[in-house]
Every structure is written in C-alpha cells, then in structure tokens.
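Chemist: generate a structure from the sequence data that follows.
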Amino acid sequence: MSFMFLFLCGLVSYILSNKHFLVMLVSLEVMVLSVYMLMFFYFVQFSSESLLNMVYLSMSVCEGALGLALLVVLIRTHGMDMVMIFDNLW
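Modeler: Numbering: from 1, shown residues only. Okay, here's the model as predicted:
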C-alpha cells in the first residue's frame, strides 16, 4: 500500500512541478523506484523468477542516464534547467 502512495506522490509532484527539469526527473525516478519495489515484493512473495526485475532495473537505469544527459545538454545550451524556456519552440 505504501508503494501506491509513493507512486501517487511522485505522479502528483511530476504533474505539479513542471517548472524545473531536475525536479521532474527526480519525481519520475520516485515513480520508477516505487514500481520496482512493488515488482520485487510481488516476485518474492510468489517465488517467481526475478529476471524481469533485472530487465526493468536496467531499463530504469538507462532512463535515468538519458535524463541526466538531457539535463546536462539543456544546462550547457541554455544556462538553466527551466522547462518554461521552451515555450518559444512550440
């Protein structure tokens, strides 16, 4: 039950904090980790094979690395991590 609460907190913070890119990445990682912990305890409880956990964890690490790379590129090109500076691109 606490994993659902953690996921919903991450989702609410992702929706409400669309000002800074770093805060959006952190809330996305909270959601990913809550889903991972839910899957981990599910597989432990039912004695299933946890290969899917390793695949999910490797995909979430790749997602985190890609997000940090985008953050670095954004800061190097624009000097800040404000998402609202992209309004002129739409």
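Chemist: for the rest of this, base every contact and every neighbour count on C-alpha atoms.
Modeler: Will do.
Chemist: return the per-residue confidence for L11.
Modeler: Among the per-residue scores, L11 shows a pLDDT of 91.
Chemist: hmm, E29 and it touching each other?
Modeler: No. Applying CA atoms under 8 Å as the test, L11 and E29 come out as separate, 10.3 Å apart.
Chemist: mean confidence for the helix or strand hosting R76?
Modeler: R76 belongs to helix 51-78 when assigned by DSSP states H and E. Throughout helix 51-78, pLDDT has a mean value of 88.
Chemist: and that helix, what's buried?
Modeler: For helix 51-78, the buried set under the neighbour-count rule, 16 or more other CA atoms under 10 Å, comprises 60, 63-64, 67, 71, 74.
Chemist: for that helix, packing partners?
Modeler: Helices and strands in packing contact with helix 51-78 are listed as helix 21-45; criterion 3 or more CA pairs under 8 Å, 6 or more residues apart in numbering; DSSP states H and E.
Chemist: neighbouring contacts of the helix it packs on?
Modeler: Contacts with helix 21-45, where a contact means CA atoms under 8 Å, 6 or more residues apart in numbering, come from 3-4, 6-8, 10-11, 13-14, 17-18, 49-50, 53, 56-57, 60, 64, 67, 71, 81-83.
Chemist: show me what counts as buried in it.
Modeler: Along helix 21-45, the positions that meet the burial threshold by neighbour count (16+ other CA under 10 Å) are 21-22, 24-36, 38-40, 43.
Chemist: quick check: angle from it to helix 51-78?
Modeler: An angle of 180 degrees separates the directions of helix 21-45 and helix 51-78 when computed by axes from the mean of the first three to the mean of the last three CA atoms, to 10 degrees.
Chemist: how distant is helix 21-45 from the center of its chain?
Modeler: Averaging C-alpha positions (CA atoms, centre = their mean, to the nearest Å) puts helix 21-45 7 Å from its chain's average.
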